[in-house]
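S.K.: Sequence unavailable; structure follows:
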Ligand SMILES: Nc1ncnc2c1ncn2[C@@H]1O[C@H](COP(=O)(O)OP(=O)(O)OP(=O)(O)O)[C@@H](O)[C@H]1O
Ligand SMILES: [Mg+2]
């Protein structure tokens, strides 16, 4: 069918569909009573080579709210370990793969929905996404993206005019449908399901597909499966370090929420920390604090270990165990580099000359933030705003003007001396630039999200939300 709607004329590639029906169910989208476009991601349009000026609101609504003139929609099948227990009753219960499309970078991307209606995996639930849930996912993914975290993006959010009932939102609450733009919707749990149903043939076929598309540099190697697992370990360790440094707590690191590309996605009960509280646990239903802030690296590692079971049908578990052992080194290296950048230091130079001093500085900084429980983001924003070249010449000037730390100033003496020593070795302009690019002024802590949700809920005022989004672009 030819149409004027640019979304319907894109060259969708049936990459996953071509694997055959063992991996998904063909489903239909729900019909919604209303369609109001609340968010469109013009950055992503450009990534696809589309001119935002040429794309209208109607184009978005027809394609991603009414789901016109396109098929098949594929609800992907998967299982997963949820809070440590194996759950075979999962799968896309409120979403489907809408289509796969190449970006201008030559990479293949997925459009996947959330809130588009029931599927064979909805169990007793409604297949819907609340408007607030959609807004929270937009804010998380946009914030993380601009903080340099590898993440899925929201492509569109359309309010759909239904009333939904939820235990964790005042109900009835408003409904929406989202389209997400991600590297892949194949999850660790996609492999776990194939292992549970005893289909090693399908595991190998899917693995070949994953390597061909997402790890093509290994495609011709004889040990490509092991190379893939090793790189996935590294990508996941880097992702965990990215979350930890920006103070993000995902909150539901179940294996069905872990991407086979090492990208972050599924922003449900997540929260950014406000202080360096290692036990911070955003999900109220996480009774044992399994997914607390500080446990994220070890949970990612545990998930990678569970993935060894399905992969053991094509790979030696002993070799995978050796690869998994590289997790800690990659995690600590990435975390250290990112934290030094937050302190305005050149992480590369620190590696070569001052490894001991920088490690000590980092330990002192983290100890201070943990003991005092002063604002994590406020502290780093304060470095950004108060920095002056005097800090490089005289330790006494460091944060001297800061009311935030005034009462703790004495505790910071050793820290100041060490910081000054390391700052001396760099140009003030470079330090200032690093402090600026690694420490955002706006962080979407819970109060910040509530502050933009309230005007929407009370008087349908979207302005604060759009302003907050704009501020995330220029952290
Ligand atoms: N409202 C709902 N209706 C139907 N199924 C749901 C609903 N909410 C969650 N599920 C299903 O419950 C399981 C776990 O949900 P989870 O919140 O991790 O994923 P999700 O947020 O729905 O989707 P994604 O992981 O793609 O972001 C999945 O199988 C999901 O499809
Ligand atoms: Mg999920």
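M.R.: Cool, the structure landed. Not measured: the values here are computed from a predicted model. Ligands and ions are numbered 1, 2, ... in the order given.

S.K.: element containing the closest residue to ligand 1 within the stretch 351-475 of the chain, please.
M.R.: Using C-beta to the nearest ligand atom, residue 449 is the residue of the stretch 351-475 of the chain that sits closest to ligand 1, at 17.1 Å. The way it works is simple: take the backbone N, C-alpha and C, and place the C-beta from them, glycine included. Using DSSP states H and E, residue 449 sits in helix 446-459.

S.K.: Repeat that for residue 422.
M.R.: Residue-wise, residue 422 maps onto helix 413-423 under DSSP H and E.

S.K.: What of residue 392?
M.R.: helix 390-393.

S.K.: And the next helix or strand past the longest strand anywhere in the chain?
M.R.: Identified as the longest strand of the chain according to DSSP state E is strand 153-164. Counting by DSSP H and E, the element after strand 153-164 in chain order, helix or strand, is strand 173-182.

S.K.: Off-centre distance for that following strand?
M.R.: On the basis of C-alpha atoms, centre = their mean, to the nearest Å, strand 173-182 sits 16 Å off its chain's mean C-alpha point.

S.K.: mind listing the strands for the stretch 251-400 of the chain?
M.R.: 271-272 (DSSP state E, counting those that start in this stretch).

S.K.: ok, now how distant is residue 23 from residue 237?
M.R.: Distance from residue 23 to residue 237, counting by C-beta to C-beta, to the nearest Å: 27 Å.

S.K.: do the same with residue 252
M.R.: Per C-beta to C-beta, residue 252 is found 19 Å from residue 237.

S.K.: Which of those two has more residues huddled nearby?
M.R.: residue 237 (26 against 19; other C-beta atoms under 10 Å).

S.K.: how far away is whichever residue of the chain sits closest to ligand 1 from residue 75?
M.R.: Distances from the chain to ligand 1, computed as C-beta to the nearest ligand atom, single out residue 93 as the nearest residue at 2.7 Å. For residue 93, the distance to residue 75 equals 8 Å [C-beta to C-beta].

S.K.: how about the helices in the stretch 1-150 of the chain?
M.R.: If DSSP state H, counting those that start in this stretch is used as the criterion, the helices of the stretch 1-150 of the chain fall at 42-47, 57-64, 131-146.

S.K.: Out of those helices, indicate the one that is most buried.
M.R.: helix 131-146 (a mean of 23; mean count of other C-beta atoms under 10 Å).

S.K.: What residues does the residue of the stretch 201-350 of the chain found nearest ligand 2 make contact with?
M.R.: Across the stretch 201-350 of the chain, the shortest distance to ligand 2 (C-beta to the ion) belongs to residue 266, at 4.1 Å. Residues in contact with residue 266 (C-beta atoms under 8 Å, 6 or more residues apart in numbering) are 250, 252, 257.

S.K.: ok, which of the residues you listed also contact ligand 1?
M.R.: 252, 257 (C-beta under 6 Å from any ligand atom).

S.K.: dump the residue contacts of the closest residue to residue 288 other than its chain neighbours.
M.R.: Distance criterion C-beta to C-beta, 6 or more residues apart in numbering; nearest residue to residue 288, sequence neighbours excluded, is residue 83 at 7.7 Å. Applying C-beta under 8 Å, 6+ apart to residue 83 gives the contacts 254, 286, 288, 290, 291.

S.K.: And this protein, what are its domain boundaries?
M.R.: 6-188, 343-438 (automatic domain parsing).

S.K.: so of the ones you listed, which one's packed in deepest?
M.R.: domain 6-188 (a mean of 19).

S.K.: Distance-wise, check the most centrally placed residue in the chain relative to residue 75.
M.R.: Centroid check for the chain by C-alpha atoms, centre = their mean gives residue 264 as the closest residue, at 3.2 Å. Separation of residue 264 from residue 75 (C-beta to C-beta): 22 Å.

S.K.: At the contact with ligand 2, which residues of this structure appear?
M.R.: 257, 266 (C-beta under 5 Å from the ion).

S.K.: Could you pick out the longest helix of the chain?
M.R.: helix 224-246 (DSSP state H).

S.K.: That one to helix 131-146, inter-axis angle?
M.R.: Going by axes from the mean of the first three to the mean of the last three C-alpha atoms, to 10 degrees, helix 224-246 is angled at 100 degrees with respect to helix 131-146.

S.K.: Need the residues that contact whatever helix or strand comes next after helix 224-246.
M.R.: For helix 224-246, the following helix or strand on the C-terminal side (DSSP H and E) is strand 248-249. Residues outside strand 248-249 that contact it (C-beta under 8 Å, 6+ apart): 140, 144, 149, 243, 270-273, 280-282, 291-293, 296.

S.K.: which intervals of this structure have sub-threshold pLDDT?
M.R.: Low-confidence segments of the chain, defined by pLDDT under 70, are located at 1-2, 350-353, 475.

S.K.: ok, which residues in the stretch 101-250 of the chain are in contact with ligand 1?
M.R.: So the stretch 101-250 of the chain meets ligand 1 at 114, 121, 122, 125, 126, 127, 128 (C-beta under 6 Å from any ligand atom).

S.K.: so what's the nearest residue to the third one once chain neighbours are set aside up against?
M.R.: Translated: residue 122. Once flanking residues are discounted, residue 122 sits nearest to residue 93: 4.2 Å by C-beta to C-beta, 6+ apart. Contacts for residue 93 (C-beta under 8 Å, 6+ apart) come out as 75, 118, 119, 121, 122, 123, 125, 127.

S.K.: This completes my enquiry, with thanks.
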